[in-house]
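**Student:** Compute the structure for the input listed below.
(one chain, ligands or ions: 1)
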Amino acid sequence: MTEKTQYLQEEAAQMLQNVTVKTAYMCERNKNGIPYTVKDDGFYNNLDYMDENPDLGINWWTNGFFGGILWQMYVKTRDQSYLEMARVQEKKLDQCLELFEGIHHDAGFMWLLTAVADYKLTGWKEARIRGLHAATILAGRYNVNGKYIRAWNGPGGRDYGSVIIDSLMNMSLLHWAYEETGDPRFRAIAVSHTDTIANYFVREDGSVKHIVKFNPETGEAEGSLGGQGYGHGSAWSRGQAWALYGFTNAYRHTKQDSYLELACKTADYFQRNLRTGDAAPIDFCQPAEEQYEDNSAACIAASGFLEIASLMDGEPARQQQYADTAWRLLRRVYEKRCCLDCGRDELVLQCAVSYREREDGPHTLIYADYFYLEALLKLRQQALQIW
Ligand code: GLY
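**Tutor:** You can find the predicted model right below:
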């Protein structure tokens, strides 16, 4: 280890130590709820409720991330209380499996971070069944005509043609189900959907679209939408982060070189377009003078960059470049956008649900906190491999 690497490792260890101390308080305070965003009082809200709208409350797409934090904390500390708290989260999500109609493509985010994480760590059969149940529902959303997995359910459950870049991350649930059962349907659907994303979402310059609309009967692509980004044709930074991390996962599971090339292409766009001082804007196309940031994108991308770097053994220069970018993103969040006050819940600050909600929307998000912890654990080779 060089002197510089030694120094960085010590710094990373200190960052991780401070973040886990704070996270321990947050976990204890929220163990009976399902946190999503921090309220004005400094504490997380609770989405463990039934809502008239089947997309909200217990079915909300982020409801696995707190479970993911608890499993990562369990791996880090081996403290049994984290396992117990994580199991509470896992069981809460059984309501979604029973309700069924609120489940969307984010089944990956919900059950990879809870039941599948549990099964990987403990081998508990009940957790395996939950994971396979969720994977089967996700596979059932595949549209054969368009070769895609439908994203949302929409009003009356009738949105059959929307596909979103975020879905790439959820493919890991199908890869896991294939690796666990040997049933090739799961892999075939994941690969087919990933190829559709590769064909319709990735632009020449490496930026990605957020939403593409397909005709569910003919399978034809009918156009794209700016979605949570700045506008039509723009490059929403969190979507870019989902893309670079999602293609990396696809490569790790399949070893198909084209996926690694897409991971690098989308990652290079992200790196090239960071703002002064390595700030991640909400959208890389937002006006140059606008300072709005989305640090959830920074944390997701940092973890994705570390993942790409771990897979690029034959290319040391590129490997180092991706690892350096990850380090710069994580360090900036630590120094400028991190709340280490143990009396408050929020960790990563200045996040954005979307460009539209840049001022009045939530600015702390449970998944930013999750990916920050995951990436710091990766720096110290202590992360549970979730994806
Ligand atoms: N998956 C939805 C989002 O990233 O906001």
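**Student:** Pull the residues that contact the helix or strand that contains Glu180.
**Tutor:** Element membership for Glu180, per DSSP states H and E: helix 167-181. For helix 167-181, the external contacting residues (Cβ atoms under 8 Å, 6 or more residues apart in numbering) are 105-109, 111-112, 116, 128, 131-132, 134-136, 138-139, 149, 151, 183-187, 189-190, 193-194, 197, 242-243, 245-247, 249-250, 253-254, 386-387. In short, each C-beta sits where N, CA and C put it, glycine included.
**Student:** Now do the buried residues in the following helix or strand past it.
**Tutor:** For helix 167-181, the following helix or strand on the C-terminal side (DSSP H and E) is helix 184-201. Residues of helix 184-201 classed as buried by neighbour count (16 or more other Cβ atoms under 10 Å): 186-187, 189-191, 193-198, 200-201.
**Student:** what do you get for stretch 127-139?
**Tutor:** Neighbour counts using 16+ other Cβ under 10 Å place Ala127, Arg128, Arg130, Gly131, Leu132, His133, Ala134, Ala135, Thr136, Ile137, Leu138, Ala139 of stretch 127-139 among the buried residues.
**Student:** Which of those sits closest to the ligand?
**Tutor:** The ligand has its nearest neighbour among the buried residues of stretch 127-139 in Leu138, at 14.3 Å by Cβ to the nearest ligand atom.
**Student:** Quick check: chain neighbours aside, which residue is closest to the closest one?
**Tutor:** Ala107 (4.3 Å; Cβ to Cβ, 6 or more residues apart in numbering).
**Student:** got the angle for the helix holding Glu180 vs helix 184-201?
**Tutor:** Orientation of helix 167-181 against helix 184-201 (axes from the mean of the first three to the mean of the last three Cα atoms, to 10 degrees) gives an angle of 160 degrees.
**Student:** Return the distance of helix 167-181 from the chain's centre.
**Tutor:** Here the centre of helix 167-181 is set off from its chain's centre by 14 Å, with Cα atoms, centre = their mean, to the nearest Å.
**Student:** Quickly check: that helix near the ligand or not.
**Tutor:** No - taking Cβ under 6 Å from any ligand atom as the criterion, helix 167-181 and the ligand are apart, separated by no less than 8.1 Å.
**Student:** tell me the mean pLDDT over that helix?
**Tutor:** Helix 167-181 shows a mean pLDDT of 98.
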